[in-house]
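Student: Everything below, folded, please.
(one chain, ligands or ions: 1)
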Amino acid sequence: MWIKNRNISFLMTSYLICLSLFYHLVLIEAYLREEGLADQKILFLVEDNMQSNLAPKPTIKVTAISGSLRKASIHHGLIRSAIDIANQSIDDMSIHFIDISSLPMLNTDLELNDMFPPEVEAFRQTILQSDCFLFASPEYNYTVTAPLKNAIDWGSRLPNVWADKAAAVVSAGGSFGGGLSQYSLRQCGVYLDLHFVNKPEFFLNAFDGPAKFDDDGNLIDDEAKERLNDVLLALKAFTLRLQGPKFVNGG
Ligand SMILES: Cc1cc2nc3c(=O)[nH]c(=O)nc-3n(C[C@H](O)[C@H](O)[C@H](O)COP(=O)(O)O)c2cc1C
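Tutor: You can find the predicted model right below:
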């Protein structure tokens, strides 16, 4: 009984001491503010900490672009799989597919009164508002496809909307798994000031068995899905490194 009472009075005393400390801290802060002596850094630190604890973590917005226009495209399939992986197992990252099939073939005569055609303007806005990109780039004759190059070129018209963003590229194809298209794309990235994740690389030999895709272009290969997951994690880490302060401060 005596021990129980001692515990209760100990708890009460601790509680009162904490309450009194907090009260005095508030008084000191109020006094410093009134006298104009407040050390803003200390005050802001308290506020910042409270805000960063309360603010929802910003989500990395990934725009995914496929260089194919085919309905059953295996590159659309890679993007669908990436979207599933991000939704299921990667925090704070959302991937949205953007259709480039409606973009007109680039012709600067279409830029009237400093305006782009509406489809191009909408595309450019999406690119501008993205944090980073996932390209699924088929290889046509050792390079990128015409639709993908067209989309890249529209984005490069001034002001270049690709600039200073992170990107990852994946591909599937013949023996090198579409790898040459990736190097062409990375080459464009130099002038665009687009920063590609170097590792891990993702090439997928789609034509030798066992089948990696079903007839609708869906990725059915578990090992490839795991590698795709690693690419997405690398893209997330690289985007955070590039834009660190934005995500840390929740801007
Ligand atoms: C015009 C053309 C050129 C191609 N050139 C290559 C090539 O250089 N290397 C390669 O691995 N596959 C090549 N292919 C095969 C593509 O990799 C294959 O069609 C692939 O499925 C395209 O991707 P998609 O299914 O997303 O459309 C070529 C296909 C076409 C239509």
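
Student: Quick check: residue 215 touching residue 72?
Tutor: Yes. Taking CB atoms under 8 Å as the definition, residue 215 is a contact partner of residue 72 at 6.7 Å. For every residue, glycine as well, the C-beta is placed using N, CA and C.

Student: Looking at these two, which is more packed in?
Tutor: residue 72 (13 against 7; other CB atoms under 10 Å).

Student: Nearest residue to the more buried one in space, please, no chain neighbours.
Tutor: Of all residues not flanking residue 72 in the chain, residue 217 sits nearest, at 4.3 Å (CB to CB, 6 or more residues apart in numbering).

Student: pretty sure that neighbour is in a strand, no?
Tutor: No. Assignment of residue 217 by DSSP: H, G, I helix; E, B strand; the rest coil gives coil, placing it outside any strand.

Student: For stretch 207-223, could you pull out the residues that count as buried?
Tutor: By 16 or more other CB atoms under 10 Å, the buried positions in stretch 207-223 come out as 212, 213, 217, 218, 219, 221.

Student: Just the residues contacting stretch 64-73, thanks.
Tutor: 74-76, 78-79, 82-83, 95-98, 100-101, 133-138, 144-145, 147-148, 151, 181, 215-217 (CB atoms under 8 Å, 6 or more residues apart in numbering).

Student: out of those residues, which are buried?
Tutor: 74-76, 78-79, 82-83, 95, 97-98, 100, 133-138, 144-145, 147-148, 151, 181, 217.

Student: Narrow the contacts of stretch 64-73 to those in helices?
Tutor: 74, 75, 76, 78, 79, 82, 83, 147, 148, 151, 181 (DSSP state H).

Student: mind checking how far the third one is from residue 64?
Tutor: Summarising the geometry, the distance separating residue 76 from residue 64, computed by CB to CB, to the nearest Å, is 9 Å.

Student: Now for the two: what residues contact both?
Tutor: Joint contacts of residue 76 and residue 64 (CB under 8 Å, 6+ apart) are 97, 136.

Student: May I have the strand of greatest length in the chain exported as CSV, CA atoms only?
Tutor: Taking DSSP state E as the criterion, the chain has its longest strand at strand 165-173. Provided in CSV are the C-alpha atoms of strand 165-173 (Å, rounded to 0.1, in the frame of the first residue of the first chain):
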residue,chain,number,x,y,z
LYS,A,165,14.7,15.9,-63.9
ALA,A,166,15.5,12.3,-63.2
ALA,A,167,14.6,9.4,-65.6
ALA,A,168,14.9,5.7,-65.9
VAL,A,169,14.7,3.7,-69.1
VAL,A,170,13.6,0.0,-69.7
SER,A,171,13.2,-2.0,-72.8
ALA,A,172,12.5,-5.4,-74.3
GLY,A,173,13.4,-6.7,-77.7
